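In: okay, here's the prediction I keep looking at, along with the sequence it came from:
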Amino acid sequence: ATTTTTPPTASGVRNAVEFLAGCRARLHDPAQLALFLRSVPASALPRLAGPQLEAPHVVAMVRALGEFFAPSEAAEYMLALAQAQRFAMVLMFFTEEDQRQVAAVLASLRQSSQVDAATVQSLTKLYAL
């Protein structure tokens with residue numbers, strides 16, 4: 001009998017466990033986290049973020065996206081991340097500092113001509129800011 005497996009992303013990530021392990025290993029290095037995220041298509045984030053997603057993962061990813069991605073790409077990834085299974089619950093565990101960091105990224109997206117106002121408004125609602 002053959003089993004069906006999900007094809008790995010460019011980074012070799014096949015599932016939520018591998019994805020979150022990769023994020024955890026790069027949590028305090030935004031440049032490395034951004035490189036890791038680039039190897040994962042935005043469309044795969046809802047599936048890969050999975051049931052073990054936590055506030056530090058989201059904040060670190062958003063910071064890396066804001067710092068190292070073009071504004072339109074950052075918005076695309078942030079929208080995809082907000083579709084993850086535990087996202088709404090994770091937001092409940094944001095500290096004030098977490099909220100400030102995400103708000104700063106949203107403010108920079110708001111200033112960008114690459115991201116339309118409706119997208120920024122959607123992100124602001126999704127991230128409960």
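Out: Sure thing, it's come through.
In: which stretches of the chain have low pLDDT?
Out: For the chain, the stretches with pLDDT under 70 are 1-11.
In: show me which helix runs longest in it.
Out: Counting residues, the longest helix found in the chain (DSSP state H) is helix 96-111.
In: element containing the nearest residue to residue 19 once chain neighbours are set aside?
Out: Counting by CB to CB, 6 or more residues apart in numbering, residue 48 is the residue found nearest to residue 19 once chain neighbours are left out, at 3.9 Å. All C-beta spots, glycine's among them, are computed from the backbone N, C-alpha and C. Using DSSP states H and E, residue 48 falls within helix 45-49.
In: sorry, back to before: by contact count, what packs against the longest helix of the chain?
Out: helix 55-68, helix 71-81, helix 117-126 (3 or more CB pairs under 8 Å, 6 or more residues apart in numbering; DSSP states H and E).
In: and it, what's buried?
Out: Residues 98, 101-102, 105-106, 109 are the ones in helix 96-111 that count as buried (16 or more other CB atoms under 10 Å).
In: would you work out how far apart the start and end of stretch 45-62 are?
Out: 13 Å (CA to CA, to the nearest Å).
In: scratch that, stretch 16-35 is what I was asking about
Out: Span of stretch 16-35 from end to end, CA to CA: 18 Å.
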